[in-house]
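Participant: Here you go, sequence then predicted model.
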Amino acid sequence: MNFGLAEIGLDDALLGFVKLLFVVGGGLYFGFAFIVIRQINVMKKTLITPLELEVTLLGWLHLALTTGLFLYFIFGL
Amino acid sequence: MPEVFSSSSPAKSDSPTAADSDGHQRDKGNKKNKHHGRRHVDEYSEIMRREKPSGNYFKAFLPKPKNASFDTQTSDEHIVMLLRQHPITLWKNALIILAAVFLPLFSGQSFFTDFLPASYILGINLGWYLLTFSYFLAAFLIWFFSVFIITDERIIDVDFVSLLFKDVSSAKIDAIQDVSSKTGGFLASVVNYGTVYIQTAGEQREIEFENIPQPAKIAALLNELMLEEELEKLEGRVQ
């Protein structure tokens, strides 16, 4: 019985595995970026300063970059 | 008689002290606090009288911070001092970030290029720099929000151990039993930072203000606040 494994080269299988690792890692990182946003909200409530907007923007920038990287891992590799 | 006692007599409390640029704000404070029988910190603290209100929130030493508050602050409680760890204590983080930024540049084409396509290498580099940005963000947030707050009623130690762990401890000024400060090491002596140890009678036996700028000044300020608390009790101004 042949499942088509012979047609798949070893390099492709290895690259597929590496890509899977990248996507899983990117997904976990994406989740972490959400936790950072939530934690920034906790921090902002703990100490209230006029710099709330700047700190919030940093968190959202981090999330946006993480999303971009996650999408790149899924569609760009 | 110590200067602190002489400057905190009730007769003097109504007369404005000239050596302060924040007279207007202090007057507002006086009006607000008269209702509660509590004086503004400038009236009894020689140290705070010399300090101008600060509006720069990136500093580690913020006397009378403008427009700042914290979650458990009561309506008649005023922040006297807001402190963070001295920025120089972040040198290890700065070094790690610098190393992380330059490592891929120095490693050149030798990393993973033998068996990975260009798109994967780009992904690794992007991921690496994003991790570096995350590290910077975490270090900044932990430094920025881990604060030591001195109000005219309490001391509060807000400690974010990491991005996910928060530890807050506080003690009333009248529960403080002993205050001491320590400065040690070359760097600490040069830029004047150190740790203030505060022994309290509360559940949290000791609160530490770690690596803060001007620890001796903070210890002296806490002593002034403790004296004022005792005076409040003696004069029956405590509600």
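Facilitator: Received it, and whenever you're ready, just let me know what you need.

Participant: which residues touch residue 58?
Facilitator: You didn't pick a chain, so chain A it is. A:I40, B:L137, B:F140, B:L141 (C-beta atoms under 8 Å, 6 or more residues apart in numbering or on different chains). C-betas here are computed from N, CA, C, even on glycine.

Participant: I was after chain B.
Facilitator: B:F144.

Participant: and it, what helix or strand is that in?
Facilitator: Element membership for B:F58 (DSSP states H and E) is empty, with no helix or strand holding it.

Participant: Narrow the contacts of A:L58 to those in helices?
Facilitator: A:I40, B:L137, B:F140, B:L141 (DSSP state H).

Participant: what residues does chain A put near chain B?
Facilitator: For chain A, the residues in contact with chain B (C-beta under 8 Å from any C-beta of the partner chain) are A:11, A:14-15, A:18-19, A:22, A:25-26, A:29, A:32-33, A:35-36, A:39-40, A:42-43, A:45-51, A:55, A:58-59, A:62, A:65-66, A:69, A:72-73, A:76-77.

Participant: Low-confidence regions, chain B specifically.
Facilitator: Applying pLDDT under 70 to chain B flags the ranges B:1-37, B:108-114, B:202, B:204, B:238-239.

Participant: Let's see that with 80 instead.
Facilitator: By pLDDT under 80, the low-scoring segments of chain B are B:1-38, B:106-115, B:163-164, B:202-204, B:236-239.

Participant: what domains does the record give for it?
Facilitator: B:3-85+B:146-234, B:90-140 (automatic domain parsing).

Participant: now the strands for the chain?
Facilitator: I went with chain A, as the question did not name one. A:47-48 (DSSP state E).

Participant: try again with chain B
Facilitator: B:61-63, B:69-70, B:79-83, B:148-151, B:154-160, B:166-172, B:176-182, B:193-200, B:206-213.

Participant: closest to B:L90 out of these?
Facilitator: strand B:206-213 (9.9 Å; C-beta to C-beta).

Participant: just the domains of chain B: most buried one?
Facilitator: Stretch with highest mean neighbour count among the domains of chain B: domain B:3-85+B:146-234 (a mean of 17; mean count of other C-beta atoms under 10 Å in any protein chain shown).

Participant: any idea what sits nearest the residue of chain A found nearest chain B, other than its immediate chain neighbours?
Facilitator: Here chain A gets closest to chain B at one residue, A:M43, 4.2 Å apart by C-beta to the nearest C-beta. Take A:M43 and drop its neighbours on the chain: the residue closest to it by C-beta to C-beta, 6 or more residues apart in numbering or on different chains is B:F145, 4.2 Å away.

Participant: how close does the one you found get to B:I124?
Facilitator: From B:F145 across to B:I124, the span is 32 Å (C-beta to C-beta, to the nearest Å).

Participant: Find the centremost residue of chain B, please.
Facilitator: B:L83 (1.3 Å; C-alpha atoms, centre = their mean).

Participant: Bridged to it, which residues?
Facilitator: In this structure, B:L83 bridges to B:F61, B:F148 when assessed by DSSP bridges.

Participant: Report how many residues lie close to the closest residue to chain A within chain B.
Facilitator: Minimum separation of chain B from chain A (C-beta to the nearest C-beta) falls at B:F145, amounting to 4.2 Å. A count of nearby residues for B:F145, using other C-beta atoms under 10 Å in any protein chain shown, gives 22.

Participant: do you know how far the residue lying closest to B:E224 once chain neighbours are set aside is from B:G55?
Facilitator: Closest residue in space to B:E224, ignoring its immediate chain neighbours: B:S45 at 4.6 Å, by C-beta to C-beta, 6+ apart. B:S45 is 20 Å from B:G55, where distance means C-beta to C-beta.

Participant: just B:L141 next, same as before
Facilitator: 21 Å.

Participant: now B:I150
Facilitator: Counting by C-beta to C-beta - B:I150 and B:G55 are separated by 18 Å.

Participant: next one: B:A138
Facilitator: Taking C-beta to C-beta, one finds B:A138 at 26 Å from B:G55.

Participant: Close to chain A: what parts of chain B are there?
Facilitator: B:57, B:65, B:67-71, B:115-117, B:119-120, B:123, B:126-127, B:130, B:133-134, B:137-138, B:140-141, B:144-145, B:147, B:158, B:160, B:163-164, B:166, B:168.

Participant: Now B:H78. Nearest residue, chain neighbours left out?
Facilitator: That would be B:D152: by C-beta to C-beta, 6+ apart, it lies 5.2 Å from B:H78.
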